[in-house]
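A.B. asks: Got a sequence here, can you model it:
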Amino acid sequence: MPAALPLRTHFIDASPLVYGCMALGGDWNGGPITEGDIAQAHAAIDAALDIGITLFDHADIYRRGKAEAVFGEVLRRNPSLRQRLRLQSKCGIRFADEHHVGRFDLSADWIEASVNGSLQRLGVERLDILLLHRPDALMEPAEIAHAFARLKAAGKVSHLGVSNMHAGQMRWLQSALGEPLVVNQLELSLAKLDAFDAGTTFNDPQAVSRPGAAAWAGTLEYAQQHGVQLQAWGSLAQGRFNDRAASPAAQAVHEIAEAHRTTPNAVLLAWLLRHPAGIQPVIGTGNADRIRACADATRITLSREEWYRLYVTARGQALP
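C.D. replies: The predicted structure is shown next:
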């Protein structure tokens, strides 16, 4: 049985995995990119393409713009690469500075300025997908819809999606849009189970679900019903399961990996791929060998029993 793929999305990308580019571009100090940064980025892009990844995920803030800039330099030196990949970037987070606190900004002016900056750094004319990075408390759906319409009419953005938004926020935003949201990128992993718990423990007042799980009620279901592609950032759980002695869940991950003759990281990705929502895990390592190793996740399929063993063990308590 092949790994789960997106089935009912408005924006179809055949790759089960997404490459997240946050590790590219050197440090976060805003200095110039180096030849070493360019070489690392080129190796990472090649490795991702080698295992069938075609969608590359950026954000205007990654490495303070340097992730997009180094990617753009690789494309400039290798123009044929652009036809082999799709580009996604995010906007809406603004860092603190000497005059302002850190904040979220989904105003039309900031969205359009951010897209123009991303296009300039990437050296391309169009983003295949623009994601709104975080829900801005002051966001106005009609204003966002008008900004997107202007960007699309100018040929700068093809599709719109969101990141870190729950079902209610997607529904509210969608009410003002003339075309469907295509992506929602959430933190989903064996260490971040809120969205899954929201669907399994909602009716049990005795269940001690993870804090905040209730906020995600209906989010996975909304995405499946409305053809919104779910993407999982943090899919490898920041290495929490690397040491098999760290927890019962880590032990289970390693035992299942051994049974499938694969790596623990492949099991973590396969756990997400097994979900019927067709979740696309985002992998963010800058190491080319580790990127290639992730291909194993698409060659295995966890059984229902293995999936639930990992889920329940990671929860740390039985299901109700």
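A.B. asks: and H146, what element?
C.D. replies: Under the criterion of DSSP states H and E, H146 resides in helix 141-153.
A.B. asks: Give me the below-cutoff pLDDT ranges for this protein.
C.D. replies: 1-12, 14, 205-211 (pLDDT under 70).
A.B. asks: can you pull out the strands in it?
C.D. replies: Assigned by DSSP state E, the strands in the chain fall at 18-20, 55-57, 86-91, 93-94, 103-104, 127-132, 157-163, 183-187, 229-233, 280-283.
A.B. asks: Could you dump the ones you listed into JSON lines and include distance to P79 and mean neighbour count?
C.D. replies: All C-beta spots, glycine's among them, are computed from the backbone N, C-alpha and C. Below are those laid out as JSON lines (distance: least, Cβ to Cβ, whole Å; neighbours: other Cβ atoms under 10 Å):
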{"stretch": "strand 18-20", "distance to P79": "19", "mean neighbour count": "27"}
{"stretch": "strand 55-57", "distance to P79": "16", "mean neighbour count": "25"}
{"stretch": "strand 86-91", "distance to P79": "14", "mean neighbour count": "25"}
{"stretch": "strand 93-94", "distance to P79": "30", "mean neighbour count": "18"}
{"stretch": "strand 103-104", "distance to P79": "35", "mean neighbour count": "16"}
{"stretch": "strand 127-132", "distance to P79": "17", "mean neighbour count": "25"}
{"stretch": "strand 157-163", "distance to P79": "20", "mean neighbour count": "23"}
{"stretch": "strand 183-187", "distance to P79": "26", "mean neighbour count": "24"}
{"stretch": "strand 229-233", "distance to P79": "27", "mean neighbour count": "25"}
{"stretch": "strand 280-283", "distance to P79": "25", "mean neighbour count": "26"}
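A.B. asks: Any chance of TSV for the ones you listed, columns distance to Y222?
C.D. replies: Listed next are the strands of the chain as TSV, based on distance: least, Cβ to Cβ, whole Å:
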stretch	distance to Y222
strand 18-20	20
strand 55-57	21
strand 86-91	20
strand 93-94	23
strand 103-104	21
strand 127-132	16
strand 157-163	11
strand 183-187	9
strand 229-233	10
strand 280-283	17
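A.B. asks: now the helices for the stretch 101-250 of the chain?
C.D. replies: If DSSP state H, counting those that start in this stretch is used as the criterion, the helices of the stretch 101-250 of the chain fall at 108-122, 141-153, 167-174, 194-200, 219-226, 248-259.
A.B. asks: Packing partners of the fourth one?
C.D. replies: Judged by 3 or more Cβ pairs under 8 Å, 6 or more residues apart in numbering; DSSP states H and E, the packing partners of helix 194-200 are helix 219-226.
A.B. asks: Repeat that for the second one.
C.D. replies: Helix 141-153 sits against helix 108-122, strand 127-132, strand 157-163, helix 167-174, with contacts defined as 3+ Cβ pairs under 8 Å, 6+ apart.
A.B. asks: And the contacts of it?
C.D. replies: Residues from elsewhere that reach helix 141-153, judged by Cβ atoms under 8 Å, 6 or more residues apart in numbering: 106-108, 111-112, 115, 130, 132, 157-158, 160, 172-173, 175-178.
A.B. asks: So what angle separates the directions of it and strand 157-163?
C.D. replies: Interaxial angle, helix 141-153 versus strand 157-163 (axes from the mean of the first three to the mean of the last three Cα atoms, to 10 degrees): 150 degrees.
A.B. asks: Ok, the fifth one next?
C.D. replies: Compare the direction of helix 219-226 with that of strand 157-163 by the same axes, to 10 degrees and you get 150 degrees.
A.B. asks: buried stuff in helix 219-226?
C.D. replies: By neighbour count on 16 or more other Cβ atoms under 10 Å, the buried set for helix 219-226 is T219, L220, Y222, A223, Q224, H226.
A.B. asks: centre of the chain versus stretch 165-182, how much separation?
C.D. replies: Computed by Cα atoms, centre = their mean, to the nearest Å, the chain-centroid distance of stretch 165-182 equals 18 Å.
A.B. asks: my bad, stretch 42-55
C.D. replies: Distance, stretch centre to chain centre, for stretch 42-55: 16 Å (Cα atoms, centre = their mean).
A.B. asks: for G102, what are its contacts?
C.D. replies: Applying Cβ under 8 Å, 6+ apart, the residues near G102 are I93, R94, F95, A96.
A.B. asks: for the helices and strands packed on helix 141-153, which one sits closest to L186?
C.D. replies: Nearest of the helices and strands packed on helix 141-153 to L186, taken as Cβ to Cβ: strand 157-163 at 7.4 Å.
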